[in-house]
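In: Provided below are the primary sequence and the corresponding predicted coordinates.
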Amino acid sequence: MKAEAGTGASLACSVAPMLSVRNGARAVEFYKSAFGAIEVFRIEAPSGAVVSRLSVEGAEFWLADESPEHANFSPESLGGGSVRMILTVPDPDAMFARAVAAGAREVVAVKEDYGWRLGRVVDPFGHHWEIGRPLAS
């Protein structure tokens, strides 16, 4: 399915999460360290608030400092989140260890279950990440 942009260029349909965080600049640095993310776009307000698009081996997500005035709250403000991200990578054990070394907290150790090698961490901003890969059938 393709949508037409105002310039006449075709865009492929996609969905990317937008994570609300406290201290967006610190969050960008965490995701670079934990997942090897590359920052591909950034807007920074004079206040220091950040909107950033990040890519982990081509898989993109966004983050922005929370803005309660626009009903954008971080898991820290809400006392938890309602969404878990699934990061599918060739070596979940290595990525899991990298995330924990960067400051994520282990929720479920990496193990084989339900046809996946999968573990879950919560990042310092309250977002849960399941890191894994499907097992060969």
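Out: Yep, it's here.

In: show me the shaky parts of the protein.
Out: 1-8, 137 (pLDDT under 70).

In: in it, which spans are helices?
Out: In the chain, the helices defined using DSSP state H lie at 24-35, 75-78, 92-102.

In: send me the second one as PDB with only the CA atoms.
Out: By that I understand helix 75-78. Coordinates of each C-alpha in helix 75-78 appear next as PDB, following Å, rounded to 0.1, in the frame of the first residue of the first chain:
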ATOM      1  CA  PRO A  75       6.200   5.800  31.700                       C
ATOM      2  CA  GLU A  76       7.900   7.500  34.700                       C
ATOM      3  CA  SER A  77       5.000   9.900  35.000                       C
ATOM      4  CA  LEU A  78       2.400   7.300  34.400                       C
END
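
In: what comes up buried for it?
Out: 75-76 (16 or more other Cβ atoms under 10 Å). In short, each C-beta sits where N, CA and C put it, glycine included.

In: centre of the chain versus that helix, how much separation?
Out: Helix 75-78 has its average C-alpha position 16 Å from the chain's average C-alpha position, going by Cα atoms, centre = their mean, to the nearest Å.

In: what do you get for the last one?
Out: Its chain's C-alpha centre lies 14 Å from the corresponding centre of helix 92-102 when counted by Cα atoms, centre = their mean.

In: next, the angle from it to helix 24-35.
Out: Note on geometry: by axes from the mean of the first three to the mean of the last three Cα atoms, to 10 degrees, helix 92-102 and helix 24-35 are set 140 degrees apart in direction.
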